[in-house]
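Asks: this is a predicted model, with the sequence first.
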Amino acid sequence: MSLLAFIARAEPVTVASVASPGNVLTVSLQLDGGTPSYRVERLGDTVVADSRLGFQLRDGRLDRDLTVLGQATRSFDETWEQPWGERRRVRNHYNEVAVQLGERGGAKRRFEVVFRVYDDGLGFRYRFPEQAGMREAIIDDELTEFAIAPDATAWWIPAGEPIHYEYLYQRTPLDQVPLVHTPITLRSRDGLHVAIHEAALVDYAGMWLRRIDGQRLRAQLSPSAEGWKVRRTLPFATPWRTLQISDRAGGLVESDLILNLNEPNALGDVSWVKPSKYLGVWWSMHLDQESWATGPKHAATTAKTKKVIDFAAAHGFRGVLVEGWNPGWDGNWVGNGDAFDFTRPTADFDIEALSAYGAKKGVRLIGHHETGCAVEHYEDQLGAALDLYARLGVDSFKSGYVCDDGQVDRRNPAGGPLWREWHDGQFMARHHLKVVQEAARRHIAVNPHEPIKDTGLRRTYPNWISREGARGMEYNAWGQPPNPPDHEVNLVFTRLLAGPMDYTPGILSLKGRGGQAIPSTLARQLALYVAIYSPIQMAADLPEHYLQHREAFRFIEDVAVDWDDSRVLNGEVGDYVTIVRKDRHSRDWFLGSITDEHGRVLPVSLGFLEPGVRYRAEIYRDGDGADFRRNPFAFVRDTREVTSADALTLVLAPGGGQAIRFTPL
């Protein structure tokens, strides 16, 4: 028998393994005839069966005929403080093994696989060290796999489709999923929950997942106009490939894995980043009552903005977002952003006077940069545009990248037709980080819409304060269909595992364009402020609608946005969820509970409250007979005294919700 035939018939050999600090998870690395794979077990049960590792490089595959050159292990335990976030203190406790692999012959290329294992999940990444004969890596794709062992149901949105992340989540057996984005959330028949995603996406292409057979998923990197997926000079590391694993759906939400796999704050003192609530010159345009374009319907006028600033000042909102303030909105700007000017306003918008007017009232203008996907046209003006904001005291802005995915403009260095890029390719990963870094130099926070997906980089760059990256509230204005009640529940257990989302809740009119009904009760709109996490929260409806629902609006005025602690009291993916959060700047707790199209009766213990303290519970709930289809405005606000020894029974209407503020007496 030849040596190659012997190797092909040999059993896989475990060459490294590492267990989590509490021995909950164990990860092992095998070589099978020189081909690496990994395996994940949880308390003795296999979660991820043998799954391949490696690359398809431009100069050949890098997943065969490998040998171990060395390995190192370490343990780490720290508690670090978020400058803002779902909780103030985060424990980062893991065991790690780093295994160096190299080719036996030929070019003898080498790389390292690092596994970092926590009790609630793991991350692994590849590192390419400096090495003779290999100055750069041109990656055509990864060969990374995730072979999920137990039969599982999956919640997913498609990848490689025109509207990037803005789809309703599908629920199917895992063995029926197509090409999908991450996070993808799984639940086994036995109730184990797993979410697959990535962390620290820097100068690399975003990872999609393609099912290749059964429940085996393989990484497929977002494309590049130049053919390859990633081109990097050595040394470099890939993003972390992540698995969050929990018996409870809520355990996925409570996990800090994605944040912990990112580098610490690189900006130093970031006290200038201000979590807050804001209003906007925004919803009226989605209703088609006003327009982004100049003319008789133009929304971004000096007079209109002053009125919104006045309302913000009277009701305690720090910011006012104004879209359509700058030239470029006239005509077909979608995917055609070359006419945008980010350094001057339209003739009917006095940005200098409005900035000064807001400052006198304690209200900041929130900037807006819609690029229409003319990304380099935007970068040409970026410095001057941010300098303008810095001079005027505009310390945060929303950006936009409206075009079909795969249609982002990129100049062809040889001239000729534009190249086209994807929203989550390496080109856009570089672009978004450039914007965030340039904004940080001027103490400005960034909130991109139509963004690259969140991978926890807010830890490293805390001015990356939020983003969209999912089907947001505007679909309730004009979407066909609008967002069904299970969509927002799904977001908690899917998209929001990646990081905060600027969902723009609070449409108390419950009406979209032409009177289209929004699938929600009134109380549910309030509960979204707690259930859907963001350090910036918009009161997205028109001011006059808030005055029409003054009692409900009180909760939006009062609810906090920056938290000392967050807990999931109950929940199932796509069905319902109840979350409580403690205000970082007071002793108040806030509760938000939402359900799908089915009504729920949910008992909750108040054991999260401080023992021995009496609290006033201000309860905003669905009224008798409430139903998102037939009676959405049935609403009750009442109060009662409670302690940590008490329990409440939350009665949620179909498509409904409940919000509670707990204040120490």
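Replies: Yep, it's here.
Asks: lowest-confidence helix or strand of the protein?
Replies: In the chain, no helix or strand scores lower on mean pLDDT, DSSP states H and E than helix 3-9, which sits at a mean of 45.
Asks: now whichever helix or strand comes after it - C-alpha only, CSV.
Replies: As assigned by DSSP states H and E, the chain's next helix or strand after helix 3-9 is strand 13-19. Output of strand 13-19 as CSV, limited to C-alpha atoms (Å, rounded to 0.1, in the frame of the first residue of the first chain):
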residue,chain,number,x,y,z
VAL,A,13,-6.3,12.0,14.8
THR,A,14,-7.2,14.5,17.5
VAL,A,15,-4.2,16.9,17.7
ALA,A,16,-5.6,19.5,20.1
SER,A,17,-8.5,20.1,22.4
VAL,A,18,-9.7,22.7,24.8
ALA,A,19,-12.6,22.9,27.3
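Asks: what does strand 13-19 contact?
Replies: Outside of strand 13-19, the residues within contact range by CB atoms under 8 Å, 6 or more residues apart in numbering are 25-32, 68, 71, 73, 95-97, 99, 115, 117. Bear in mind the C-beta positions are built from the backbone N, C-alpha and C, glycine included.
Asks: please check those and keep the buried ones.
Replies: Neighbour-count burial (16 or more other CB atoms under 10 Å) applied to the contacts of strand 13-19 gives 25-31, 71, 95-97, 99, 115, 117.
Asks: which residue sits closest to Gly133, ignoring its sequence neighbours?
Replies: By the measure of CB to CB, 6 or more residues apart in numbering, the closest residue to Gly133 outside its immediate chain neighbours is Ala107, 6.1 Å from it.
Asks: the one you found: neighbour count?
Replies: Other residues lying near Ala107 total 14 when counted by other CB atoms under 10 Å.
Asks: same deal with Asn483?
Replies: A total of 22 residues lie near Asn483 under the criterion other CB under 10 Å.
Asks: just to check, it is in contact with Asn476?
Replies: Yes - under the contact definition of CB atoms under 8 Å, Asn483 touches Asn476, with a separation of 5.6 Å.
Asks: what sits against Ala293?
Replies: Each residue near Ala293 by CB under 8 Å, 6+ apart is listed here: 324, 329-331.
Asks: swap the cut-off to 7 Å and go again
Replies: With contact taken as CB atoms under 7 Å, 6 or more residues apart in numbering, Ala293 is in contact with 329-330.
Asks: are we agreed that it is in a helix?
Replies: No - the assignment for Ala293 is coil, going by DSSP: H, G, I helix; E, B strand; the rest coil, so no helix is present there.
Asks: how near is it to Trp333?
Replies: Going from Ala293 to Trp333 by CB to CB, to the nearest Å gives 8 Å.
Asks: Leu526: neighbouring residues, count only.
Replies: Applying other CB under 10 Å, we find 32 residues neighbouring Leu526.
Asks: does anything pack onto the one helix or strand it maps to? Which helices or strands?
Replies: Here Leu526 sits within helix 522-531, counting by DSSP H and E. Judged by 3 or more CB pairs under 7 Å, 6 or more residues apart in numbering; DSSP states H and E, helix 522-531 is in contact with helix 485-493, helix 550-558, strand 576-583, strand 589-595, strand 615-622, strand 657-664.
Asks: ok, and what's touching stretch 183-193?
Replies: With contacts defined as CB under 7 Å, 6+ apart, stretch 183-193 is touched by 148, 150-156, 174, 194-197, 209, 245-249, 251-252, 493-495, 497-498, 573.
Asks: any of the residues you listed buried? List them.
Replies: Of the members of those, the ones counted as buried by neighbours, 16+ other CB under 10 Å, are 148, 150, 152-156, 174, 194-197, 209, 245-246, 249, 252, 493-495, 497-498, 573.
Asks: just the ones of the residues you listed in helices?
Replies: Residues from the buried ones among the contacts of stretch 183-193 lying in helices, with DSSP state H as the criterion: 249, 252, 493.
Asks: now the angle between helix 550-558 and the helix holding Leu526, please.
Replies: Here helix 522-531 points in a direction 0 degrees away from that of helix 550-558 (axes from the mean of the first three to the mean of the last three CA atoms, to 10 degrees).
Asks: can you show me the CA trace of helix 522-531 as CSV?
Replies: C-alpha atoms of helix 522-531 as CSV (Å, rounded to 0.1, in the frame of the first residue of the first chain):
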residue,chain,number,x,y,z
LEU,A,522,-50.5,50.6,21.2
ALA,A,523,-48.9,49.0,24.2
ARG,A,524,-46.6,47.0,22.0
GLN,A,525,-45.1,50.1,20.5
LEU,A,526,-44.0,51.1,24.0
ALA,A,527,-42.6,47.7,24.8
LEU,A,528,-40.4,47.8,21.7
TYR,A,529,-38.2,50.5,23.5
VAL,A,530,-37.1,47.8,25.9
ALA,A,531,-37.3,44.6,23.8
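Asks: can you give the contact residues for it?
Replies: Contacts of helix 522-531 with the rest of the structure, by CB under 7 Å, 6+ apart, involve 488, 492, 503, 505-508, 510, 537, 549, 552, 555-556, 559, 577, 579, 581, 590-594, 620-622, 632-633, 635, 655-659.
Asks: pull the distance from that helix to the chain's centre.
Replies: Between the mean C-alpha point of helix 522-531 and the mean C-alpha point of its chain there is a distance of 19 Å (CA atoms, centre = their mean, to the nearest Å).
Asks: give the rounded mean pLDDT of that helix.
Replies: Averaged across helix 522-531, the pLDDT comes to 98.
Asks: now for the helix or strand just after that helix, which elements pack on it?
Replies: Toward the C-terminal end, the helix or strand that comes next after helix 522-531 (DSSP H and E) is strand 536-538. The contact analysis (3+ CB pairs under 7 Å, 6+ apart) places strand 536-538 against strand 276-281.
Asks: the strands in the stretch 251-400 of the chain, which residues?
Replies: Secondary structure of the stretch 251-400 of the chain, counting by DSSP state E, counting those that start in this stretch: strands at 276-281, 319-322, 364-370, 396-400.
Asks: what mean pLDDT does the second one have?
Replies: In this case it means strand 319-322. Strand 319-322 shows a mean pLDDT of 98.
Asks: what do you get for the third one?
Replies: Averaging the model's pLDDT scores along strand 364-370 yields 98.
Asks: follow-up on the earlier one: of the contacts of helix 522-531, keep whichever come out buried.
Replies: When neighbours are counted using 16+ other CB under 10 Å, the contacts of helix 522-531 contain these buried positions: 488, 492, 503, 505-508, 510, 537, 549, 552, 555-556, 559, 577, 579, 581, 590-594, 620-622, 632, 635, 655-659.
Asks: low-confidence ranges, this protein, go.
Replies: Applying pLDDT under 70 to the chain picks out residues 1-10.
Asks: same thing but 80
Replies: Applying pLDDT under 80 to the chain picks out residues 1-11, 105-107.
Asks: just put the strands of the stretch 251-400 of the chain in CSV and tack on mean neighbour count.
Replies: Converted to CSV, these look like this (neighbours: other CB atoms under 10 Å):
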stretch, mean neighbour count
strand 276-281, 24
strand 319-322, 24
strand 364-370, 25
strand 396-400, 23
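Asks: between those, which one is nearest to Glu103?
Replies: Closest approach to Glu103 among the strands of the stretch 251-400 of the chain is made by strand 396-400 (43.3 Å; CB to CB).
Asks: could you say what helices and strands that closest one packs with?
Replies: Packed against strand 396-400 by the contact rule (3+ CB pairs under 7 Å, 6+ apart) you find strand 364-370, strand 445-448.
Asks: minimum distance to Pro611: which of these has it?
Replies: Ranking those by their distance to Pro611 (criterion: CB to CB) puts strand 445-448 first, at 37.0 Å.
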